[in-house]
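S.K.: based on what follows, work out the 3D shape:
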Amino acid sequence: MSVTQVRATETGTRMTDVQGSDTFTLDTSDVDRYVGKPLPTVELLDPVAVGDIRRWAQGMQYPNPLHYDVDAAAAGPHGRIIAPQSFSVACDIGHGASPAIVGNIPGSHMIFGGDEWWFYGPRILPGDHLHSDRRFLDYAVKETKFAGPTMFARGETTHVNQRGENVSRQVSTSVRYNAERARQLGFFGQQAPRPTWTADQLADLDKLRITWITTGSGGDGRRTADVSVGERLVTRAIGPHTIATFTTEWRAFPFTVWGSRPNVVSKNIAEAGWLPEMAQGEIDAVGVDPGDNDGLYKGPSRGHADAEHATLIGMPRGYGYGASMGAWALDYIAYWAGARAFIRHSRIQYRFPPFEGDATLIDGEVTDIRDDKLLAVPIATIKVTMSNQDGSVLAAGDVEVELPR
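M.R.: Coordinates of the predicted model:
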């Protein structure tokens, strides 16, 4: 999405539409009390299970057998099924979004604006039990084409295992906006018409998908000497996306399963100021029907899989999860680099949602290879770009991966 900065603020001044209208404002004053402050630590009730890892690989459509096939994993360098690095976000409650959603903004909703990740070394294994230390960092208000005054807020999550080791750190950007203003502007509806696919086009997507699966390393992987600047990675195709695939993505997060998390997740989410139709469930105490509390049947995630509620928050139809896009980028590089490689850092900006009916095409190019002075290991930087069938850029950014010599 194209933005021009109106004013970046840490004082929470009421912002007015740049066109001069005072009908739609974004009152950020309640957010100020959270700037730089820690938020409650959260933890799923159960340790990581092999089934959780398999469900994650399936939900993210990541066909690397090291993460779901017993025999392939046993023959691999780790000797057992391990979680992909993207699984860190599945060990959290709220897929990294909640520490970036603090303070009450009446009539608002949110979409993901991007993720930055740091990985420190420990792999996630079955039996690990992670908790998440969280903090709200800062925010800025900018003018956007899709919603007028819009808040870009950053929250930090550090994932720590039961041994006290830092596994990863995630800084997520939430994009908070006035839902009524987004409905009026109708930006995404104009920019994202529903595509019509021919049988030949769908067959071409299948060919791309199979080519990527069969050319990815998935095993020992690349060596530094095998990689050169300018190398282009094989395109990965995902989609066309459907309500079923979006639902499968959501259910891949263990915190969406009944009974997997504490009833009271975080008071700051309950006070976010979302529309009543989107605030039901997930953030409330479990009542007679646990389906009231799972976030998809009712609650803030229902717009992803429900056209009526998608329209309510300014989307033309069901749309994908930003957290999934971040996982796609990490999995894409991990599959290319191989099981002996290790992603150290990534920074991906989300620019446009993947909508129902769209396909996502992921491309990569090696832009740098260097010896990291601090880690004393070779690091390759890959520029990752996600686009849809019309060429619209959905996400872009760099992933840095440690390669074996």
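S.K.: which residues of the stretch 301-405 of the chain fall in helices?
M.R.: With DSSP state H, counting those that start in this stretch as the criterion, the stretch 301-405 of the chain has helices at 302-305, 307-312, 322-337.
S.K.: need the three-state assignment for Arg134.
M.R.: The three-state label for Arg134, taken from DSSP: H, G, I helix; E, B strand; the rest coil, comes out as strand.
S.K.: residues in a beta bridge with it, which ones?
M.R.: Beta-bridge pairing of Arg134 under DSSP bridges involves Leu39, Thr157.
S.K.: was I right about it contacting Glu43?
M.R.: No - the pair Arg134 / Glu43 is not scored as a contact, 11.2 Å apart, by CB atoms under 8 Å. C-beta: built from backbone N, CA, C; applies to glycine.
S.K.: which residue, other than its chain neighbours, is closest to the most centrally placed residue in the chain?
M.R.: For the chain, the residue whose C-alpha lies nearest the mean C-alpha position (CA atoms, centre = their mean) is Ala323; its distance is 1.2 Å. Spatial nearest neighbour of Ala323, excluding adjacent residues (CB to CB, 6 or more residues apart in numbering): His95 at 3.9 Å.
S.K.: just Val31 next, same as before
M.R.: In space, Val31 comes closest to Gly103 once its chain neighbours are excluded; the distance is 3.2 Å by CB to CB, 6+ apart.
S.K.: so what's that neighbour up against?
M.R.: By CB atoms under 8 Å, 6 or more residues apart in numbering, the contact list for Gly103 reads 12, 28, 30-34, 268, 271-272.
S.K.: could you rerun that using 6 Å?
M.R.: Under the criterion of CB atoms under 6 Å, 6 or more residues apart in numbering, the neighbours of Gly103 are 30-31, 34.
S.K.: could you measure from the residue nearest to Glu165 when sequence neighbours are not counted over to Ile379?
M.R.: Nearest residue to Glu165, sequence neighbours excluded (CB to CB, 6+ apart): Pro122, at 4.7 Å. Applying CB to CB, to the nearest Å, the value for Pro122 to Ile379 is 19 Å.
S.K.: wouldn't the residue nearest to the centre of the chain be in contact with Asp92 here?
M.R.: No - no contact is recorded between Ala323 and Asp92 when judged using CB atoms under 6 Å, the distance being 9.3 Å.
S.K.: for the stretch 251-400 of the chain, which spans come out with low pLDDT?
M.R.: By pLDDT under 70, the weakly predicted segments of the stretch 251-400 of the chain are 262-270, 280-287.
S.K.: let's go with 50 and repeat that
M.R.: Within the stretch 251-400 of the chain, the ranges that satisfy pLDDT under 50 run 283-284.
S.K.: rewinding a little: more crowded one of Arg134 and Glu43?
M.R.: With other CB atoms under 10 Å as the criterion, Arg134 and Glu43 differ in neighbour count, and Arg134 comes out ahead with 25 against 16.
S.K.: hey, what's in contact with both of Arg134 and Glu43?
M.R.: In the contact map built from CB under 6 Å, 6+ apart, no residue is linked to both Arg134 and Glu43.
S.K.: follow-up on the earlier one: what strand or helix carries the residue nearest to Glu165?
M.R.: Element membership of Pro122, judged by DSSP states H and E, is empty: it is in no helix or strand.
S.K.: from memory it sits against Gly164, does it?
M.R.: No - when contacts are counted by CB under 6 Å, Pro122 is not listed as touching Gly164 (10.3 Å).
S.K.: between these two, which one's more packed in?
M.R.: More neighbours sit around Pro122 than around the other of Pro122 and Gly164, counting by other CB under 10 Å; the figures are 16 against 6.
S.K.: got phi/psi on the more buried one?
M.R.: The phi and psi values for Pro122, taken as degrees, to the nearest 10, are phi -60, psi 130.
S.K.: same deal with Ala153?
M.R.: In this entry, Ala153 is assigned phi and psi values of phi -120, psi 140 (degrees, to the nearest 10).
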